[in-house]
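> need coordinates for the following:
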Amino acid sequence: MCPRMTQIAADAVQTAAFAALQGSTGLASVFAALGVSRVGGLLPVFDHVPRGADGSPTKPYPFVAFGSAQDVPASPTNTCDAEVESFLDVEIWDDASSRGRTGTKRLAAAVVVALARILTLTGFTMTVAGVEVVRHFDEANGVARSVVTLRYLMDPD
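The predicted structure follows:
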């Protein structure tokens, strides 16, 4: 794969996804219904899962964090002008002991609405956007987690 794509595609997608999530009235409404308000003008959307000294996610819950990302060439040529396919995991975390798994499921639905669409990127033109899968988990410490995996197809500008 072209080095330019591996260094920029995932970053361009995450940057656009962060802006889309921060601008999502649907996500803001679900957070508000769960008793979470913006802090410093921002919804609780993080670059990574905040973790405590023991490695477990830290509170306050709920929050959204970007997870794994993967870029693959969409054609066998691997040239710098070829399409790139980008996958992004968005993780939603909540304290299941107080709300069960409904909080993460409602937030996951809002994430899908905000991100399963063509996003405006720097350096790429997105041509396809969609959801690969939405998964829901119970973590060992009474925390619920949902993971939304999104798929994007892009042409480098």
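
> element containing I8?
Under DSSP states H and E, the secondary-structure element containing I8 is helix 3-22.

> ok now that helix, how far from the chain's centre?
Taking the mean C-alpha point of helix 3-22 and that of its whole chain, the gap between them comes to 10 Å (C-alpha atoms, centre = their mean, to the nearest Å).

> after that helix comes which helix or strand?
Of the helices and strands lying after helix 3-22 in sequence (DSSP H and E), the nearest is helix 25-33.

> please name the nearest non-neighbouring residue to the residue nearest the centre of the chain.
Nearest to the centroid of the C-alpha atoms of the chain, with distances taken as C-alpha atoms, centre = their mean, sits V90, at 2.8 Å. Across the structure, with C-beta to C-beta, 6 or more residues apart in numbering as the measure, the residue nearest V90 apart from its sequence neighbours is V148 (4.6 Å). For every residue, glycine as well, the C-beta is placed using N, CA and C.

> please apply the same query to A16.
Leaving aside its chain neighbours, A16 sits nearest to L119 (4.0 Å; criterion: C-beta to C-beta, 6+ apart).

> how many neighbours does the one you found have?
The tally of other residues near L119 (other C-beta atoms under 10 Å) stands at 20.

> just checking, it touches A17?
Yes - contact status for L119 versus A17: in contact at 6.7 Å, counting by C-beta atoms under 8 Å.

> and the strand or helix carrying the residue nearest to V90, what does it pack onto?
With elements taken from DSSP H and E, the one containing V148 is strand 143-156. If you count contacts as 3 or more C-beta pairs under 8 Å, 6 or more residues apart in numbering; DSSP states H and E, strand 143-156 packs onto helix 3-22, strand 84-95, helix 96-99, helix 102-115, strand 124-138.

> ok, of the ones you listed, where does mean pLDDT dip lowest?
If you rank those by mean pLDDT, helix 96-99 sits at the bottom with a mean of 73.

> in it, what's buried?
Counting neighbours by 16 or more other C-beta atoms under 10 Å, one finds that the buried residues in helix 96-99 are A96, R99.

> and stretch 111-125, by the same measure?
In terms of neighbour count (16+ other C-beta under 10 Å), stretch 111-125 has its buried residues at V111, V112, A114, L115, A116, L119, L121, F124.

> stretch 138-145 too?
Neighbour-count burial for stretch 138-145 flags V143, A144, R145 (criterion: 16+ other C-beta under 10 Å).

> circling back to that earlier point, how about the residue nearest to A16, what does it touch?
Residues in contact with L119 (C-beta atoms under 8 Å, 6 or more residues apart in numbering) are V13, A16, A17, A20, M126, A129, Y152.
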